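Visitor: the following block contains a protein sequence and its predicted model.
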Amino acid sequence: MKPRITLITLAVDDLQASLAFYRDGLGLATPGIVGEQFEHGAVAFFDLQSGLKLALWPRDSLAHDTGLAKAACSATEFSIGHNVATREEVDAVMEQAQRAGAKIVKPAQSAFWGGYAGYFQDPDGHLWEVAWNPQFGLAD
């Protein structure tokens, strides 16, 4: 398989609330909810970076589409890493997420691998790591 990841879909309980968190709270650009005319079609897309989008889709719709039963969620099964250019940017993103309603799971701090990172959960419990890794050499 040649990796061509273009979409990360997060299943959500309340599409409107999750849209507000990501759009209004975190400032991610989106045209809003689309596909409402289709049963199980309502979804919100966000441009993350060139060639990569985030989708928010109701849990019921994802269960329906896959044929799988909804099951208990566990935040430790999956995390999304958001790497930034500085330690200060880690703090700023963590503060923005908290103001937007995120639960801070692990405040930003020096990491054993030489960087600086923290974790938050969105309103549906999805885990995000915000990290500065000096070896990545990211610039704004």
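Guide: Here it is on my side, so go on.
Visitor: only C-alpha atoms from now on, for both contacts and neighbour counts.
Guide: Will do.
Visitor: strands of the chain, start to end?
Guide: Ranges of strands in the chain, per DSSP state E, are 7-12, 33-34, 43-49, 52-58, 79-84, 103-110, 116-121, 127-132.
Visitor: how close does the residue in the chain sticking out farthest from the centre get to residue 25?
Guide: Distance to the chain centre peaks in the chain at residue 37, reaching 25.3 Å (criterion: Cα atoms, centre = their mean). From residue 37 across to residue 25, the span is 26 Å (Cα to Cα, to the nearest Å).
Visitor: would TSV of the strands of the chain with mean neighbour count, distance to residue 21 and mean pLDDT be doable?
Guide: Putting the strands of the chain into TSV (neighbours: other Cα atoms under 10 Å; distance: least, Cα to Cα, whole Å; pLDDT from 0 to 100) gives the following:
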stretch	mean neighbour count	distance to residue 21	mean pLDDT
strand 7-12	17	12	96
strand 33-34	14	13	95
strand 43-49	18	12	95
strand 52-58	19	11	97
strand 79-84	15	16	95
strand 103-110	16	12	98
strand 116-121	22	11	98
strand 127-132	24	13	97
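Visitor: from the chain's centroid, how far away is the longest helix along the chain?
Guide: As assigned by DSSP state H, the longest helix anywhere in the chain is helix 87-100. What separates the centre of helix 87-100 from the centre of its chain is 14 Å, taken as Cα atoms, centre = their mean, to the nearest Å.
Visitor: check stretch 23-30 too.
Guide: Worked out by Cα atoms, centre = their mean, stretch 23-30 lies 11 Å from the chain centre.
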